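In: here is a sequence with its predicted model. Questions after.
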Amino acid sequence: MIRVVAAVIVHNDADQARVLACRRIGPPALAGRWEFPGGKVERGESDEVALHREIAEELAIEIVVADQFITVPSRW
């Protein structure tokens, strides 16, 4: 089983909240589809550490991890 994490990044302005979604570039079957940023948890990493690493790699930003939102067991 491969464990993955994703971030629901919310920016709250005075009059609205915005949620960040990213467009996939690959693999070809999924290219152009929208997803929340994140990725695979490496061996020995906690979910939070993996999430910080993945967001830094993909978006070059730092995030604050608030709460775990949902866990979804799935087979791909």
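Out: Structure received.
In: continuing past the lowest-mean-pLDDT helix or strand in the chain, what's the next helix or strand?
Out: Counting by mean pLDDT, DSSP states H and E, the chain has its least confident helix or strand at strand 9-12, which shows a mean of 90. For strand 9-12, the following helix or strand on the C-terminal side (DSSP states H and E) is strand 17-20.
In: what pairs with that next one, and is each one parallel or antiparallel?
Out: Strand 17-20 has the following sheet partners, assigned by DSSP bridges: strand 9-12 (antiparallel).
In: can you pull out the helices in the chain?
Out: Ranges of helices in the chain, per DSSP state H, are 47-59.
In: so where's it uncertain?
Out: Residues of the chain that meet the criterion pLDDT under 70 lie in 76.
In: how about Lys40: what's its closest non-neighbour residue?
Out: Leaving out its chain neighbours, the residue that sits closest to Lys40 by C-beta to C-beta, 6 or more residues apart in numbering is Val4, at 5.4 Å. The C-beta positions use only the backbone N, C-alpha and C, and glycine is treated the same way.
In: thought the one you found was touching Glu42?
Out: No. Val4 is beyond contact range of Glu42, at 10.9 Å (criterion: C-beta atoms under 8 Å).
In: number of residues surrounding the residue nearest to Lys40?
Out: Val4 is flanked by 15 other residues according to other C-beta atoms under 10 Å.
In: cool, Arg24 as well?
Out: Around Arg24 there are 13 other residues, counting by other C-beta under 10 Å.
In: and it, how far from Ala56?
Out: 19 Å (C-beta to C-beta, to the nearest Å).
In: same check on Val49?
Out: 11 Å.
In: overlap of the contact sets of these two?
Out: Residues within reach of Val49 and of Ala56 at once, by C-beta atoms under 8 Å, 6 or more residues apart in numbering: there are none.
In: which residues are in contact with stretch 67-74?
Out: With contact meaning C-beta under 8 Å, 6+ apart, stretch 67-74 is reached by Val8, Asp47.
In: swap in 10 Å and give it another go.
Out: Stretch 67-74 is contacted from outside by Met1, Arg3, Val4, Val5, Ala6, Ala7, Val8, Phe36, Asp47, Glu48, Leu51, using C-beta atoms under 10 Å, 6 or more residues apart in numbering.
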